[in-house]
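S.K.: how would this look folded up:
(one chain, ligands or ions: 2)
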Amino acid sequence: MFESQEIEELISFRKELHTHPELSGEEKETAKKVIVFLEKCKPTKIITSVGGYGVIAVFDSGKEGVNLMIRADMDALPIEEVNDFEYRSKTKGVSHKCGHDGHTTILLGLAKHLSKNQPKKGKAILLFQPAEEIGAGAAAVLDDEKFTSLKPDWVFGLHNLPGHPMHEVVVRKDSFTASVTSIVIEFLGKTTHAAEPEHGVNPAMAVSELIMEASMWSNNLPDREDFAVVTPIHIDLGDKAYGTSAGEAIVGFTIRSWSESEMEKLQKKIETYILALGKKHRLKVDFKYIQEFKANENNADAVESIVFASENLNLKVSEQKTPFKWGEDFGLFTQQYKGAFFGIGAGEECPALHNPDYDFPDELIPTGSKLFYELCKKYVACP
Ligand SMILES: [Zn+2]
Ligand SMILES: [Zn+2]
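M.R.: Numbers count the residues shown, from 1 in each chain. Ligands and ions are numbered 1, 2, ... in the order given. Below is the predicted model:
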């Protein structure tokens, strides 16, 4: 599908993104580079500033048919890169440690191929999404009429998977990734002199009871449908003022489950507990959820399309027994549209995602673009 010089061009684009990573919501220069690349591919239209710095390229056959949406993410992470190759990150404390530089390049590879092999029916919609890592980008795109007016019928996305054999396609019916959210709980009591705690309301006991109780909400057993992981993330209690008994505390947890229905049950249990705990200790309780990632609940037909595409390319397919425990905000798309999220092995030797020595393996670029092109053949009649 690609000439070796085209692959070289894609790889050097990926390295360029790697050298100049941008954090979630700040993908301004990345988006500009994507737009410049897309312009050469002459899509029917390019739509910019979608849900922030998101970019969409539409290849429209002009004929009735299916609207196929394929998404890549563009953001980097607040992690200092320890690699010393010549294209290492030039931005201090920021680097592409999840391979979104690679995902973006894979989708550009598809755009390049579509420019010469246009859909014959319907539309191919290529979405370059911002702010995946903080669980905000998909929501912002879905809130943007520039996206929703395109009315996708099917949606697809992929993630590279270190620890899985290179090029192996990893699929799963039902949930592919966990439902993940974070809860920030605030207890408000009353400060008083440290010598006279009886005149105030110190939230320390409530915090300690909460931490003990929360340890019983987890069952880190991936085989179970009611799998749940509740992890304490931070505690903030009082001030470093040794004459004052604390009057306020903030406690944060992340919560994971395999499905949205299990997540609802878990949230209800936590909320009931903390409200009762506040009452018991005479504390005002406030809580909010942040960084919500919906479970990627895959459509069975969409998964079959991925398997079919992989077999056409002679790629090994493996079925993942349990979902992945990480959150991926593509789940918001699969909550609203038919589609599927899948994985592609990045090799057993590849450092784990978010490790400071991780780097996206370039061999996956043509593989990923070809897989997506197979989906274009099926859904929008590409040649
Ligand atoms: Zn990540
Ligand atoms: Zn990622």
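S.K.: For the lowest-mean-pLDDT helix or strand in the chain, name the packing helices and strands.
M.R.: Least confident helix or strand of the chain, by mean pLDDT, DSSP states H and E, is strand 174-175 with a mean of 91. Packing contacts for strand 174-175, counted by 3 or more C-beta pairs under 8 Å, 6 or more residues apart in numbering; DSSP states H and E, involve strand 297-298. Every residue, glycine included, has its C-beta placed from N, CA and C.
S.K.: Please name the strands paired to the strand it packs on in the sheet, noting orientation.
M.R.: strand 174-175 (antiparallel) (DSSP bridges).
S.K.: how about the strands of the stretch 251-383 of the chain, start to end?
M.R.: 284-293, 297-298, 317-319, 338-345 (DSSP state E, counting those that start in this stretch).
S.K.: and residue 36, which of the ones you listed is closest to it?
M.R.: Counting by C-beta to C-beta, residue 36 lies closest to strand 338-345 out of the strands of the stretch 251-383 of the chain; the figure is 26.1 Å.
S.K.: And the spatially most central residue of the chain, its phi and psi?
M.R.: Closest to where the C-alpha atoms of the chain average out (C-alpha atoms, centre = their mean) is residue 328, at 2.9 Å. Phi and psi for residue 328, reported as degrees, to the nearest 10, are phi -150, psi 120.
S.K.: pLDDT value on it, please?
M.R.: Residue 328 is assigned 95 on the pLDDT scale.
S.K.: Hmm, residue 260 is touching residue 335, no?
M.R.: Yes: between residue 260 and residue 335 there is a contact at 7.5 Å, judged by C-beta atoms under 8 Å.
S.K.: shared neighbours, the two?
M.R.: Listed as contacting both residue 260 and residue 335 by C-beta atoms under 8 Å, 6 or more residues apart in numbering are 294, 297.
S.K.: Now do the longest helix along the chain against strand 284-293, angle only.
M.R.: In the chain, assigned by DSSP state H, the helix with the most residues is helix 260-280. Helix 260-280 and strand 284-293 are oriented at 160 degrees to each other (axes from the mean of the first three to the mean of the last three C-alpha atoms, to 10 degrees).
S.K.: sorry, back to before: show the subsequent helix or strand relative to the least confident helix or strand of the chain.
M.R.: Next along the chain after strand 174-175, taking DSSP states H and E as the criterion, comes strand 179-188.
S.K.: quick revisit: between the strands of the stretch 251-383 of the chain, which gets nearest to residue 166?
M.R.: Closest among those, using C-beta to C-beta: strand 338-345, at 5.4 Å.
S.K.: ok, now which ones touch residue 340?
M.R.: So residue 340 contacts 156, 171, 176, 296, 298-299, 302-303, 305-306, 334 (C-beta under 8 Å, 6+ apart).
S.K.: Likewise for residue 218?
M.R.: Contacts of residue 218 by C-beta under 8 Å, 6+ apart are 228-231.
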